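>>> just a sequence and a predicted model for now, questions to come.
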Amino acid sequence: MSAIENSKLTVVGAGAVGSSVAYAALIRGSARHVALYDIATEKTEAEVLDLAHGAQFTGSSDIIGGSDISVAAGSHVVVITAGAKQKPGQTRIELAGVNAGILKTMMPQLLEVAPDATFVIVTNPCDVLTVLAQEATGLPPERVFASGTVLDTSRLRWKLAQRAGVSTSSVHAYIVGEHGDTEFPLWSHATIGTVPILDWVPRDGQPKFTVEELDQIAIDVRDAAYKVIQGKGATNYAIGLSSARIVEALLNDESAVMPVSTVLNDFQGVSGVALSVPSIVGRSGAFPIPETTFSDAELGLFRRSADALSEVAASLR
């Protein structure tokens, strides 16, 4: 895919996640110009140099960066990964206080140099931080949203595809709610091709899915990040790829359906909280799809997710 004409992406934060977003965006040609911004001068310049040295192999995209916020000037999309990273055993919510402070200071500064940008919050806990970022900027909710459960949904589809014996792209299923401990799959809409998930017969002689097995898969997906963090200290490649994919949907005006997290306004009775639901992502931003239906049990889980995040957001104000 070629980078759209003169599009500019700024990635804020040159840690494991931010560098991986920039790397994925360069390789995929997500934007014509990529900038990396972080207050750690030496680290940022080193990452930019390392990425620039591979420019011969990444098509027409170029990379700049540094510790001066002016590198973000004129950005069409800003992906925010800056903040303290999740430590082994630390929940995403425990991170909230530290990262809320960083974001509240930074958002107005970024908006000043990139007034027309759409902002994608990747820093955790991304849902809570999205509410704070939207308040700090006064932007409409479609222009400040989180990567949400796009990655969790990818993890879910990968696991289901392995078990079902089909390609990941043939699995249609979504994780919704908080990007974190109260997230859950919309099993009522999950299909392999057109076949409801519980009716699917694997071709390799394995039995059909059971409700208990699907419950366990949902737990594995929810806890996948903890497992990766335990082993290598951070999750970075998959979030880098999924963030680059969101950037492409925005810059190419794709109107792609993705489970990103926007501040909701009377979505299934939920308002003022950012939660992931299937949304249309294009040049104007991200718009939740109000016709999305939930089973009664799913609606209960969704409201539980909303309540959990409301509490955290209230504690940070």
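Yep, it's here. Numbering: from 1, shown residues only.
>>> from residue 187, how far out is residue 217?
The gap separating residue 217 from residue 187 is 10 Å, by C-beta to C-beta, to the nearest Å. The C-beta positions use only the backbone N, C-alpha and C, and glycine is treated the same way.
>>> any idea whether the nearest residue to residue 211 once chain neighbours are set aside is helix, strand or coil?
Of all residues not flanking residue 211 in the chain, residue 198 sits nearest, at 7.3 Å (C-beta to C-beta, 6 or more residues apart in numbering). Three-state assignment for residue 198 (DSSP: H, G, I helix; E, B strand; the rest coil): helix.
>>> likewise the one 3 residues further on?
Three-state secondary structure (criterion: three-state DSSP) places residue 201 in coil.
>>> the one 4 residues further on too?
Three-state call for residue 205 (three-state DSSP): coil.
>>> pLDDT wise, what is it at?
In this model, residue 205 is scored at 88, pLDDT.
>>> burial of it, as a residue count?
Residue 205 sits with 7 neighbouring residues when counted by other C-beta atoms under 10 Å.
>>> again with residue 307
Per other C-beta under 10 Å, the neighbour tally for residue 307 reads 12.
>>> how far away is it from residue 90?
Applying C-beta to C-beta to residue 307 and residue 90 gives a distance of 22 Å.
>>> for residue 83, same thing?
On the measure of C-beta to C-beta, residue 83 and residue 90 end up 13 Å apart.
>>> name the residue in those two with the higher neighbour count.
Legend: neighbour count by other C-beta under 10 Å for residue 83 and residue 90, higher for residue 83 (27 against 14).
>>> give the contact list for the more buried one.
Residue 83 sits next to 13, 95, 98, 99, 102, 103, 123, 124 when contact means C-beta atoms under 8 Å, 6 or more residues apart in numbering.
>>> I'd assumed residue 20 was in a strand, is it?
No. Assignment of residue 20 by three-state DSSP gives helix, placing it outside any strand.
>>> please name the residues that touch it.
236, 237, 239, 240, 241.
>>> which helix runs longest in this structure?
helix 296-316 (DSSP state H).
>>> can you pull the pLDDT of residue 90?
For residue 90, pLDDT reads 74.
>>> three-state assignment of it?
coil.
>>> okay, it and residue 105: tell me how far apart.
Counting by C-beta to C-beta, the gap from residue 90 to residue 105 is 22 Å.
>>> burial count for residue 7?
Residues near residue 7, counting by other C-beta under 10 Å: 20.
>>> got it, and residue 171?
With other C-beta under 10 Å as criterion, residue 171 counts 23.
>>> i'd like the first residue to be 6 from this point on
Renumbered: residue one is now 6, and that last one reads residue 176.
>>> and the pLDDT at it?
98.
>>> next: residue 236.
Reported pLDDT for residue 236: 94.
>>> and if you look at residue 76?
98.
>>> wait, it sits on residue 43?
No. If you go by C-beta atoms under 8 Å, residue 76 and residue 43 don't touch, sitting 9.7 Å apart.
>>> so what sits against both of these two?
Joint contacts of residue 76 and residue 43 (C-beta under 8 Å, 6+ apart) are residue 70.
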